[in-house]
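[1] Predicted model follows, preceded by the sequence.
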Amino acid sequence: MAKSNEAARRIKPQASELLTLHVIRRQVITPNMARVTLGAGDIAKFVPMGFDQWFRLFIPIADEETLSRLPQKLNTLSYAKYLTISKTRRPVLRNYTVRAYREVGADGPELDVDFVLHGDAAAGTAGPAASWAARCEPGDAVAILDEGIGFVQPAETDSVLLVADETGLPAVAGVLTSLPADTVGIALIEVPTADDIQDLAGPPKVDVRFVVRPDAQETPGRAVLAAAEALPPLGERCFAWTVGESALVAGARRYWIATGVPKENIMFCGYWKASHH
């Protein structure tokens with residue numbers, strides 16, 4: 001079973017080339033989320049598309065020179081070539097969402113990227129991207145490859161349901177700010193603690209509800225899946241979109257199909273898989 005049907009329906013960017021950007025600033029916005037603002041470098045070539053626009057992010061782990069060895073496009077062949085770079089020098093590759101884009105920043109356009117701060121960098125339990133987001137400095141270089149948007153609402157639908165854990169919060173935020181003002185729907189977002197709730201702007205008739213995990217250490221996605229399953233049946237004119245931990249995404253999709261949502265009205269993408277102890 002595919003962990004995503006995003007590729008089949010996404011809108012790709014008109015042109016996608018490797019862009020080198022630099023850290024402008026870094027801030028911790030909630031206890032479990034850091035925001036890194038990127039700009040300078042090739043930022044003028046970035047084309048914002050809104051919604052859940054995502055990109056491949058390359059973070060150098062050795063020296064920044066390694067970024068110049070990266071492929072301009074990412075296909076099977078170039079990815080195989082990327083993997084031939086020795087592990088001690090190969091930039092880390094992860095997928096991230098555009099949290100916000102500003103045409104006019106202090107020194108030109110700016111791109112905000114939000115990182116979930118999971119694990120403990122000192123103890124070695126944090127992932128490489130989270131560790132980088134917690135310690136990067138202004139001027140540090142990264143490279144991005146734009147991949148476009150996955151949120152494509154079918155014309156025959158008249159409401160939306162957005163369901164995500166905290167890893168999908170930036171994508172939900174992007175979708176909310178891009179939806180038409182008369183959109184009707186619900187957004188359910190799970191966060192580890194009440195302090196991780198963010199004030200998200202969106203259409204007035206989209207009800208944004210945060211689900212705080214009963215235990216911050218529990219596997220993300222279970223609480224929000226239960227909340228999604230407790231909603232009245234969506235009907236066949238709802239566009240249901242879910243991203244985050246793979247069990248959440250698979251569970252939501254299964255439930256929606258069982259309750260009569262047509263498969264073509266569901267967009268799902270498993271961002272990551274929890275390791276169950």
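    Okay, I see it.

[2] Tell me the bridge partners for residue 115.
    residue 34 (DSSP bridges).

[3] number of nearby residues for it?
    Using other Cβ atoms under 10 Å, residue 115 is surrounded by 26 other residues. For the C-beta atoms, the positions are set from N, CA and C on the backbone; glycine is no exception.

[4] do the same with residue 19
    19.

[5] what's the answer for residue 68, then?
    10.

[6] just the one 4 residues further on next, same as before
    Residues within reach of residue 72, counting by other Cβ under 10 Å, total 9.

[7] Quick check: closest non-adjacent residue to residue 105.
    Spatial nearest neighbour of residue 105, excluding adjacent residues (Cβ to Cβ, 6 or more residues apart in numbering): residue 39 at 5.9 Å.

[8] ok, that neighbour - contacts?
    Applying Cβ atoms under 8 Å, 6 or more residues apart in numbering, one finds that residue 39 lies in contact with 21, 22, 24, 105, 107, 108, 109, 110, 111.

[9] Quick one: list the elements packing against the helix or strand that contains the third one.
    Put plainly, it is residue 24. Residue 24 belongs to strand 19-30 when assigned by DSSP states H and E. Applying 3 or more Cβ pairs under 8 Å, 6 or more residues apart in numbering; DSSP states H and E, one finds that strand 19-30 makes contact with strand 33-39, strand 108-116, strand 141-148.

[10] Below-threshold pLDDT in the stretch 151-277 of the chain: ranges please.
    276-277 (pLDDT under 70).

[11] try 80 this time
    Low-confidence segments of the stretch 151-277 of the chain (pLDDT under 80): 275-277.
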